[in-house]
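# Fold the following for me, if possible:
(one chain, ligands or ions: 2)
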Amino acid sequence: MFIGLGFGVIYLVWGFLEPENMQLEGFWFWLLSRTFAAGVIHYSIAKIFGPTLFGRGWCGWTCWTAAVLDLLPWKRSPGRKKNWGILRYTHFALSTILVFVLVFVFNYTLSTTRGIVDFTGTYSGEHLKSSLFQIHEFWWFLIGNLIYFTLAIVLAALLKDNRAFCKYICPIAPIMKLGTRASIMKISVDSEICIQCRACERACPMDIKILDYSAKGSRVTSTECIQCLECVNVCPTSAIKATYKFDIGFKEYLKVQEAN
Ligand code: SF4
Ligand code: SF4
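Ligands and ions are numbered 1, 2, ... in the order given. Model (predicted):
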């Protein structure tokens, strides 16, 4: 998706490039222009309706920012910084306000600044541009992702936590947490088999206190679970697995760092 849609390489089959911005701003731009473009389709499936089925599986398995973060060495989280999660909501609000101001105050819209780079000389669409550098979506996507990757790597190094960006900065989590509450797929511990070794909690990159949920006879209803299945992989007794049923929970049991 990053290379194919973000840089439009998928369209080379038809002889042209058509970059599409699938970051939050791209989603808002297309939604406000009442166009069901790639950004809207992607958000609908992966981030709005999909989480009611598979929670934040996008974050665990397909996010391209996390794909880079997973290569970094700080896999064991030291715990969360208290109250830093608010930054994600601030980021979401600022990005959304930016788009709304550009659209409603400055009449800016991607639908009049999008473009296609044609290699065949046969395309004659109304939005044809001669150069990739004239296509606004290309710049939104490129600059946006460069900022994300840089921030994510620096934050991971500073906090010794690969997933720090996901916990504190990513503006997508606030959207995904809505559907994730009701996710059919969730992690569940069989307390008959569990030996309370806590290997699962130590392996969890999102600092979820898994045993607090099982102690209450509940599945892991935390909206911070990214369905990465690290906990399942490390359990020595196979007591923990992904299960499928209807439930909903509002408690967040998370490991938070002690204040210094
Ligand atoms: S609870 Fe398990 S699946 Fe969920 S984030 Fe933690 S390790 Fe991953
Ligand atoms: S790793 Fe398995 S046995 Fe150990 S505490 Fe977690 S669920 Fe229980």
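# Quick check on the one residue sitting closest to the centre of the chain: phi, psi?
Nearest to the mean C-alpha position of the chain, by C-alpha atoms, centre = their mean, lies residue 59 at 4.7 Å. Here is the backbone geometry of residue 59 (degrees, to the nearest 10): phi -70, psi -30.
# That one against residue 69, yeah?
No: look at residue 59 against residue 69 with C-beta atoms under 8 Å: they stay out of range, at 10.5 Å. Any C-beta I mention is one placed from the backbone N, CA and C, and that applies to glycine too.
# After the helix or strand bottoming out on mean pLDDT in the chain, which helix or strand is next?
Least confident helix or strand, the chain: strand 128-129 with a mean of 62, by mean pLDDT, DSSP states H and E. From strand 128-129 onward toward the C-terminus, using DSSP states H and E, the following helix or strand is helix 136-159.
# Centre of the chain to whatever helix or strand comes next after that next one, how far?
Following helix 136-159 in sequence order, the next helix or strand is helix 164-168 (DSSP H and E). On the basis of C-alpha atoms, centre = their mean, to the nearest Å, helix 164-168 sits 10 Å off its chain's mean C-alpha point.
# Summarise which helices and strands helix 164-168 is packed against.
helix 64-69, helix 86-104, helix 136-159 (3 or more C-beta pairs under 8 Å, 6 or more residues apart in numbering; DSSP states H and E).
# For the residue nearest to the centre of the chain, which non-adjacent residue is spatially closest?
residue 226 (4.0 Å; C-beta to C-beta, 6 or more residues apart in numbering).
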